[in-house]
Structures are given as structure tokens and as C-alpha cells.
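Trainee: dropping the sequence and predicted coords here.
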Amino acid sequence: MASDQQLLDYVLRLADSDLILAQRLGEWVGHGPVLEEDIALTNVGLDLLGQARLWFAYAGEIEAREVGSSGVGRSEDEFAFMREGGGFRNLLLAEQPNGNYADTTARQFYFDVWHELLLRNLAVSRDRRIAEIAAKALKEVMYHAERSADWVIRLGDGTELSHTRMQSGIDDLWMYTGEMFAADDTDLALAAEGVAADVGALLPAWRDRVAAVLDLATLTMPSAAWMQRGGKQGVHSEHLGHLLAEMQSLQRAHPGAQW
């Protein structure tokens, strides 16, 4: 039987991936290629931030349950701003730098397709809270996946320069996609109870959807088999440390500060 600690770790993986990717997208505010896209990408980031808050709130409930009726779990702000890098469980893909707009598009596309497939599965989870949050988030993520696929096609089948940059983004970020489908003991224990998704089973549908979009974009699907892993276990790239130093600066300097 899966433990509350495994459930907490799983929910934090969902929350942290949303939060860290939202922070990355926030770096584009005011710098998008056109005003409409600047606003659209900002809204995607805000959607992910809102989803992260829901997951963090549930994580706090699980944590309180672990320590008993007299315990109090951490707040959303404490989860986001008062943990060290090794305490984060986000996918490595989410923390990768924005690069140029094609790089950001490739990262978002890979994540969005996986995210939609994952949430469709979690929407029928035996854990009522997970199912509720997933069903709510899915409505937003379906749009995210449609939007990012459209931009992959526009850039891939655009000018010679946009095609080259889009292909580079697709190639460079490919090594971070395998982690999305790599199950560890936490994934397996919760999936066996119908609480979590069988992430390995999502891979065929993800590859089919990615391949179809890349074909329309006149791009080549990478074939490299070696993948980076570790984010779900708290092993991250140096990029996360820089991101957290900026994101957490106010709370670190003035713990408990509020607007």
C-alpha cells in the first residue's frame, strides 16, 4: 500500500513542475515576439501557477494528515519559497532556460502534450482531490497543447531561419523528455492503487502526437535514446538554483512577508 509520504511526493512533483515552468514563462513577460503572443504566453504561465497552487494546497493537507490531527502542513508560500533546490521535485524539462522563442516553444510543446495526457488519466484517479484538480486543470491544458503545437508548425514551416531554430530546439530538449515517462517506486505504488497515472503507458500516445505535429512542421523527430533523469528525485541542473535565487529572494530576505 502506498504511503502518505509517497502521495505527498507525487503531488509535489505535479506542483513543482507547474510552478517552475510558470516562473520560466514569466521571464518572457514584455519580451514576446508580438503583443498578442506575449499576452497568450503570460496567460499560460498564470494557468500553470494557478494549478500549482491547487496542488500545493493539497500537499499541505497530506502533510498535516501525516503528522496527526494537531499538525499543520506547510502553506503554498512555504512550499514555493522556503525549500532548497534539492527539495524540489519538478521535471528537468521545466527548469531549462528559455533560450530563443523556438527553444521555449519546443519545451512547452513537449510538456503540454504530456501534461494533457497525464491529466486525462488523473481526472479519473481514485483519489478524489487529485481527480478534481486534474479535471479543472485539463480544460486549460487542452488549450496550452493546441497553442504550442500551432507555434511549432508556424516556426517549423516558416522561414529558413525559423525552421532551423525550431529544429534545434526540438533536438536540444529531446533528452529531457524521457523523464516524463520513467516510473520510480512512488509512481508504481500509486499507479497500482489507481491514484496515479501509469506514466510509461502515456509514451505511445505522446510520441504519436509529437510525430504528427513535427510532420506538419516539416521537422525531423529526434531518435536519440539516452535521456536525462533525476528531477523527480530532487537531482537538478544548475539552472534551477539560479531560478530559485530570483524567485525566492523576497521571502528569503523577509520570511513571511505579504503584499
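Mentor: In hand now; what should we look at?

Trainee: need the helices for the protein, in chain order.
Mentor: Secondary structure of the chain (DSSP state H): helices at 4-26, 35-67, 76-81, 92-95, 101-122, 128-156, 160-173, 185-192, 199-216, 238-247, 249-253.

Trainee: those helices: which one's closest to K232?
Mentor: Among the helices of the chain, helix 4-26 comes nearest to K232, with 5.4 Å by CB to CB. The C-beta positions use only the backbone N, C-alpha and C, and glycine is treated the same way.

Trainee: now the angle from the closest one to helix 185-192?
Mentor: Taking axes from the mean of the first three to the mean of the last three CA atoms, to 10 degrees, one finds that helix 4-26 is oriented at 110 degrees with respect to helix 185-192.

Trainee: roughly how far out does helix 4-26 sit from the chain middle?
Mentor: Centroid separation for helix 4-26 versus its chain: 7 Å, with CA atoms, centre = their mean, to the nearest Å.

Trainee: what's it packed up against?
Mentor: Counting contacts by 3 or more CB pairs under 8 Å, 6 or more residues apart in numbering; DSSP states H and E, helix 4-26 packs against helix 35-67, helix 76-81, helix 92-95, helix 101-122, helix 185-192, helix 238-247.

Trainee: relative to helix 35-67, how tilted is it?
Mentor: Calculated by the same axes, to 10 degrees, helix 4-26 forms an angle of 160 degrees with helix 35-67.

Trainee: now helix 4-26: buried residues?
Mentor: 6-25 (16 or more other CB atoms under 10 Å).

Trainee: still on that earlier bit, of the helices of the chain, which stretch is the most buried?
Mentor: Mean neighbours per residue, mean count of other CB atoms under 10 Å, is largest over those for helix 92-95, with a mean of 26.

Trainee: quick one: contacts of that helix?
Mentor: Outside of helix 92-95, the residues within contact range by CB atoms under 8 Å, 6 or more residues apart in numbering are 16-17, 20-21, 24, 107, 110-111, 173, 176-177, 179-180, 228-231, 236-237, 239-240, 243.

Trainee: what about the stretch 151-259 of the chain, any weak spots by pLDDT?
Mentor: Applying pLDDT under 70 to the stretch 151-259 of the chain flags residues 259.

Trainee: tell me the centre residue of the chain?
Mentor: S17 (3.5 Å; CA atoms, centre = their mean).

Trainee: hang on, that residue packs against N90?
Mentor: Yes: the pair S17 / N90 is scored as a contact, 4.3 Å apart, by CB atoms under 8 Å.

Trainee: picking that back up, just send the helices of the chain back as CSV, with distance to S223 too.
Mentor: Shown next, in CSV, are the helices of the chain (distance: least, CB to CB, whole Å):
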stretch, distance to S223
helix 4-26, 25
helix 35-67, 29
helix 76-81, 37
helix 92-95, 18
helix 101-122, 15
helix 128-156, 17
helix 160-173, 10
helix 185-192, 25
helix 199-216, 11
helix 238-247, 25
helix 249-253, 41
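
Trainee: nearest to P222, of the ones you listed?
Mentor: helix 160-173 (5.4 Å).

Trainee: can you give me the angle the closest one makes with helix 199-216?
Mentor: 160 degrees.

Trainee: how far off centre is helix 160-173?
Mentor: With CA atoms, centre = their mean as the basis, helix 160-173 stands 21 Å off its chain's centre.

Trainee: for that helix, packing partners?
Mentor: Packing partners of helix 160-173 (3+ CB pairs under 8 Å, 6+ apart): helix 101-122, helix 128-156.

Trainee: A201 is nearest to which of those helices?
Mentor: helix 101-122 (8.3 Å).

Trainee: how much space separates E36 from M142?
Mentor: Taking CB to CB, to the nearest Å as the measure, E36 falls 20 Å from M142.

Trainee: oops, could you answer that again for E63 instead?
Mentor: 30 Å.

Trainee: and L41, by the same measure?
Mentor: Counting by CB to CB, the gap from L41 to M142 is 17 Å.

Trainee: burial count for the nearest residue to G194 once chain neighbours are set aside?
Mentor: Leaving aside its sequence neighbours, G194 sits nearest to R126 (CB to CB, 6 or more residues apart in numbering; 4.1 Å). Look at R126: counted by other CB atoms under 10 Å, it has 11 neighbours.
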